[in-house]
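Enquirer: no sequence on this one, just coordinates:
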């Protein structure tokens, strides 16, 4: 017994020593791993800022710059399509590399592809700007950018450093992205100059209108809709019902089968036969022909409607060049089982002018009324209003130009703002504070500007010109992926 006790103690001591050696080894491995991990931080940062990630237009792009452009692209897309992302199958809270954009690309691949396209355009545009000797002082705009970062970080309850990383990438700092931000400002200024240089003349705008009148003209018309009275239960024109085995099963007196049939009829709306639909449409046509005789007087009035907003079944008839006041017609809508009795009144080019205004969106420190009171107690001029905008507005993008918005139109504007700006009694120098959905707008009315149709055509022509220009200057831009980082290229 004694020998066994001695042997047991010996074995326990050996076990303790073995476990101690294992613990020590594990501790050393963990310590080495931690040291390597910590040591890798500066190495990875150095590689991100110095190593070539991709090559665009012959210029090396590091990881910081690529991430900056990637996140701009991604964030702009999410902002633009935010309410539709679930329909696209995109969950921004999950790994983008595991979610499919298409059969061959993940969402990460898609955003990387767009980032490269943006880099191609940026590099080509910057090269052109330099070759043209274009210069732009970014000082004021960059200072505004820094203030925006500071304010946004405070609103998010995180440090500026954390905020910049969350927006522009894990290796981004204000110092590292400064060059890219300023380059964007220079490129945007150069792009705006190109737009101004390529603005169409009044003759070009008029010529384009003459070739595309139907797109820009408006019509006034009256409409009466006659819907076919489709049967909700079988008539003598119903399709014959084929008796199935299920119809005769159930209890000996057929009760179960009858109950099942009744249940089916109440759960599913009756679908009329082709013959029943044809008969209902035939009866509706008689009513529609009668309605045509009175639609010019009794029809629902539709005024100042563009072709794009008119029901496609009647738009071609309304915008036919042969149309004249008093014309009427009946048009069939087989899909909706109805007829349209239509009376044409007139077609014209809406010459309603746009407007130039200055806008202040007050911070929480000031109400709209307080700002207007301060303006009235001062010089009460357009220039003094612009200065107040720089002082009080939330809209940092409007600070530099004193809240100036030129050629604003009714399209896309809230009714409250539109009603005030486009009131026929509006005079230069008028001011107001209007609250819409918890947002206050302090407005200064400058005056009328060009009609909306001219602005739309101008924008279309400039957009076409610039699109072609960007295609031309990026046609020969190359993209190299020396490290095989871009999966979409594969």
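Expert: Okay, I see it. The structure presented is a predicted model; accordingly, all values stated were derived computationally and were not measured.

Enquirer: Run the chain-centre distance for the helix or strand residue 167 falls within.
Expert: Using DSSP states H and E, residue 167 maps to helix 160-168. Helix 160-168 sits 23 Å away from the centroid of its parent chain (CA atoms, centre = their mean, to the nearest Å).

Enquirer: buried set for that helix?
Expert: Neighbour counts over helix 160-168 (16 or more other CB atoms under 10 Å) mark 160, 163-165, 167-168 as buried. All C-beta spots, glycine's among them, are computed from the backbone N, C-alpha and C.

Enquirer: The residues you listed into JSON lines, with extra columns for pLDDT and distance to residue 64?
Expert: Formatted as JSON lines, the buried residues of helix 160-168 follow (pLDDT from 0 to 100; distance: CB to CB, whole Å):
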{"residue": "160", "pLDDT": "95", "distance to residue 64": "17"}
{"residue": "163", "pLDDT": "95", "distance to residue 64": "16"}
{"residue": "164", "pLDDT": "95", "distance to residue 64": "11"}
{"residue": "165", "pLDDT": "94", "distance to residue 64": "11"}
{"residue": "167", "pLDDT": "94", "distance to residue 64": "13"}
{"residue": "168", "pLDDT": "95", "distance to residue 64": "8"}
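
Enquirer: farthest pair in the residues you listed?
Expert: Maximum pairwise distance among these (CB to CB): 11.8 Å, between 160 and 168.

Enquirer: related to what we said a few turns ago, averaged pLDDT, whichever helix or strand comes after the helix holding residue 167. What do you get?
Expert: Using DSSP H and E, the helix or strand that follows helix 160-168 in sequence is helix 174-197. When pLDDT is averaged along helix 174-197, the result is 95.

Enquirer: so where do the strands sit in the chain?
Expert: 52-56, 59-62, 218-227, 300-306, 328-333, 338-348, 353-360, 404-408, 431-436, 439-451, 479-480 (DSSP state E).

Enquirer: Need the contact partners of the fourth one.
Expert: What that stands for is strand 300-306. 215-224, 310, 350 (CB atoms under 8 Å, 6 or more residues apart in numbering).

Enquirer: that older thread, in CSV, list the strands of the chain along with distance to residue 113.
Expert: Converted to CSV, the strands of the chain look like this (distance: least, CB to CB, whole Å):
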stretch, distance to residue 113
strand 52-56, 12
strand 59-62, 14
strand 218-227, 41
strand 300-306, 35
strand 328-333, 42
strand 338-348, 45
strand 353-360, 37
strand 404-408, 34
strand 431-436, 39
strand 439-451, 36
strand 479-480, 10
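
Enquirer: Contacts for the helix holding residue 167 next, please.
Expert: Here helix 160-168 makes contact (CB under 8 Å, 6+ apart) with 67-68, 71-72, 75, 149-150, 152-153, 156, 158, 171-174, 177.

Enquirer: Farthest pair within those?
Expert: Largest separation among the contacts of helix 160-168 by CB to CB: 67 and 150, giving 21.3 Å.

Enquirer: more neighbours, those two?
Expert: Each of residue 67 and residue 150 has its neighbours counted (other CB atoms under 10 Å); residue 67 has more, 21 against 13.

Enquirer: pLDDT weak spots in the stretch 251-400 of the chain?
Expert: Along the stretch 251-400 of the chain, the parts satisfying pLDDT under 70 run over 251-267.

Enquirer: about what we covered before: buried ones from the contacts of helix 160-168, can you make that a ChimeraX selection?
Expert: Entered in ChimeraX, the line below selects the buried ones among the contacts of helix 160-168, by 16+ other CB under 10 Å:
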select :67,68,71,72,149,153,171,172,173,174,177
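
Enquirer: Nearest to residue 96 among the contacts of helix 160-168?
Expert: Using CB to CB, these come closest to residue 96 at residue 71, 11.5 Å.

Enquirer: Check the contact between residue 275 and residue 240; I expect there is one.
Expert: No: the pair residue 275 / residue 240 is not scored as a contact, 11.2 Å apart, by CB atoms under 8 Å.
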